[in-house]
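Visitor: mind folding the following:
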Amino acid sequence: MPKKRTIIFYNPAAPYYTLPLQFLALASVIDRERYDVKIIDARIEKSTRHAHDKVRELLPDAVCVGVSVITGTPVKDAAAISQMTKHVAPDVPVIWGGWHPSIYPEQCIREGFADYCIFGQGEMTFLELLDALDANDGFDTVLGLAYLKNGKFHENAERKFIDINNFPAYDYDLVPFETYFRLKGMRQIDFYSSQGCPYRCAFCADPYVYNRRWSGLKGSRMLFDVFEAVKKYRVDDVLFQDENFFANRNRVLEFCTGINRHGMNFTWAATSRADQIAPLTDDFLQEVARARLRKVMIGAESGSQEMLDLMKKDTLAEEAIISAEKLSKHGIGASFGFIVGFPEEGFDNTLKTLDTIKEIKRIDPRFEFNIFFFTPYPGTELFEYIVKKGYRVPQTLAEWSDIDFIMYAGYWVKNSEREYVERFKFYTKFATEQERKNGILVPLRYLASQRVKRDYYRLPVEKEVINFVRHKLLHRVNW
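Guide: Numbers count the residues shown, from 1 in each chain. So this is what the prediction gives:
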């Protein structure tokens, strides 16, 4: 029997520890009798250098190196591992997949980092590419593939979206679970129960990458796959990383009913939109709460109807408040995400968003929130809008890699407005933090609550002191 060749999947360095589900999805369709799959996740290694050394050791037997590339700072490490591969093993092709190659395949290839780019749903494209590499022919027939041939860029036709129920379950044995558990601080697995999203949000690249298509596991299949993983790896919590978990209520209800019927003992969290939670009945939410849903992550985006309409969110501003009331009533946690700092937004609209957050916190102080400044993500409708308006956006991979999507604020945002939002975030979170009840901090929490109540954020001395302690002494993320 011929020796199996190795497929190397590389996950670039990033400051979080979600499982590399994109590679588990690809591995699920690969013939494991022909190929040995190795996943190197730079996020869990001692350093990127250590991660690169692991790849280097595998290159002599490698058929290819697949790199998952998300726009922003992970591009730096994606470029570095690709350059190293080309230097050490120039005959080993480098394949990029993910959102950035799906949007800018020619840029990724012409700048010399990727030999092939996969765009859109990647499972069958990657499988067919392996056959083309083996035969050194047939690349023009692989749907969803971009490449250079004789210096000319080729982008094949888009692949028809495939129902994910047709794909096998993930082989979680490919990842070192205990390492992820330790880094996460809990026995938690990440899980995709769907792909894509049917909505048209103008700030999101998903409508471009998946063309507003959505496919979700049936409730019975989701139950089986999740139960198997929970039992096998002694999992305490499941984090659904779907773009939109609640896109189909029937399968959610089937999933929750199955958990309650079988008495499975794990908690879980999932994503949703405000307009999906707001209309839910008490009976539905009771069933979900019994199934131990601990948190819903809601993309509320704005407290201003004007901005929601600009984003084409297709929700009402008040639905975030209604969602908060319903989830609080049933003891389900929530985390609300908001976006501010759009060009020409007007700070009055930002203040409406901050008022919405204050109302959500009044409903339930335990509810979490995040505020991000608008980032012009490539492939989105709003990206094209601001380009037409004359705003400058990154032009090269190097420029895209300099954008930190967590800390980013566009150059059009006034410093005074950015500081106001950052101070609001700090004082609101500190005033309602549930993690610690340290008596020493009680007076500072009271002072923070008074600042929020009066919207007074000047001279933020406490903010500097507390963030110094969190970051330098406790090694925790700053607010």
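
Visitor: all contacts plus neighbour counts: C-alpha atoms, from now on.
Guide: Will do.

Visitor: the residue lying closest to residue 114 once chain neighbours are set aside pairs with what?
Guide: Here the nearest residue to residue 114 in space, its sequence neighbours aside, is residue 94; by CA to CA, 6 or more residues apart in numbering that works out to 5.3 Å. Per DSSP bridges, the residues bridged to residue 94 are residue 65.

Visitor: test my guess that residue 94 contacts residue 67.
Guide: Yes. Under the criterion of CA atoms under 8 Å, residue 94 makes contact with residue 67 at 7.5 Å.

Visitor: which of these two has more neighbours?
Guide: In this view residue 94 and residue 67 are compared by other CA atoms under 10 Å, and residue 67 has more residues nearby, 26 against 23.

Visitor: and the strands in the stretch 151-300 of the chain, which stretches?
Guide: In the stretch 151-300 of the chain, the segments counted as strands under DSSP state E, counting those that start in this stretch are 152-155, 188-191, 194-196, 214-216, 237-240, 267-272, 293-301.

Visitor: tell me which of those strands lies nearest to residue 457.
Guide: Each of the strands of the stretch 151-300 of the chain was checked against residue 457 via CA to CA, and the shortest separation belongs to strand 293-301, namely 22.9 Å.

Visitor: list phi and psi for residue 3.
Guide: phi -70, psi 140 (degrees, to the nearest 10).

Visitor: now mean pLDDT, mean neighbour count and distance to residue 205 too, for the strands of the stretch 151-300 of the chain, in JSON lines please.
Guide: Converted to JSON lines, the strands of the stretch 151-300 of the chain look like this (pLDDT from 0 to 100; neighbours: other CA atoms under 10 Å; distance: least, CA to CA, whole Å):
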{"stretch": "strand 152-155", "mean pLDDT": "97", "mean neighbour count": "14", "distance to residue 205": "19"}
{"stretch": "strand 188-191", "mean pLDDT": "97", "mean neighbour count": "22", "distance to residue 205": "21"}
{"stretch": "strand 194-196", "mean pLDDT": "95", "mean neighbour count": "22", "distance to residue 205": "10"}
{"stretch": "strand 214-216", "mean pLDDT": "96", "mean neighbour count": "20", "distance to residue 205": "14"}
{"stretch": "strand 237-240", "mean pLDDT": "98", "mean neighbour count": "20", "distance to residue 205": "19"}
{"stretch": "strand 267-272", "mean pLDDT": "98", "mean neighbour count": "19", "distance to residue 205": "17"}
{"stretch": "strand 293-301", "mean pLDDT": "98", "mean neighbour count": "23", "distance to residue 205": "15"}
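
Visitor: tell me which other helices or strands the helix or strand where residue 349 lies touches.
Guide: Residue 349 belongs to helix 347-363 when assigned by DSSP states H and E. Here helix 347-363 touches helix 318-329, strand 333-340, helix 415-432, going by 3 or more CA pairs under 8 Å, 6 or more residues apart in numbering; DSSP states H and E.

Visitor: let's see it at 6 Å
Guide: Where contact means 3 or more CA pairs under 6 Å, 6 or more residues apart in numbering; DSSP states H and E, helix 347-363 is not packed against any helix or strand.

Visitor: show me which positions of it end up buried.
Guide: For helix 347-363, a neighbour-count test (16 or more other CA atoms under 10 Å) marks 349, 350, 351, 352, 353, 354, 356, 357, 358, 360, 361, 363 as buried.

Visitor: and what of stretch 380-394?
Guide: Result for stretch 380-394 [16+ other CA under 10 Å]: buried residues 380, 381, 382, 383, 386, 393.

Visitor: and the residues you listed, which two are the farthest apart?
Guide: So, those by CA to CA: farthest apart are 381 and 393, at 13.7 Å.

Visitor: wait, which of the strands of the stretch 151-300 of the chain is closest to residue 125?
Guide: Nearest to residue 125, of the strands of the stretch 151-300 of the chain and by CA to CA, is strand 152-155 at 12.7 Å.

Visitor: please name the strands paired to that closest one in the sheet, noting orientation.
Guide: Taking DSSP bridges as the criterion, strand 152-155 pairs within the sheet with strand 145-149 (antiparallel).

Visitor: chain center to the strand it pairs with: distance?
Guide: The offset between the C-alpha centroid of strand 145-149 and the centroid of the whole chain comes to 27 Å, using CA atoms, centre = their mean, to the nearest Å.

Visitor: just the CA atoms of that strand, as CSV, please.
Guide: The C-alpha trace of strand 145-149 is given here as CSV (Å, rounded to 0.1, in the frame of the first residue of the first chain):
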residue,chain,number,x,y,z
LEU,A,145,-11.4,27.8,-7.7
ALA,A,146,-9.1,30.7,-8.7
TYR,A,147,-5.5,30.3,-10.0
LEU,A,148,-2.9,31.6,-12.4
LYS,A,149,-2.0,29.8,-15.6
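
Visitor: low-scoring stretches of the stretch 1-150 of the chain, by residue?
Guide: With pLDDT under 70 as the threshold, the stretch 1-150 of the chain has low-confidence stretches at 1.

Visitor: show me where it has helices.
Guide: 21-27, 48-58, 74-88, 99-103, 105-110, 123-135 (DSSP state H, counting those that start in this stretch).
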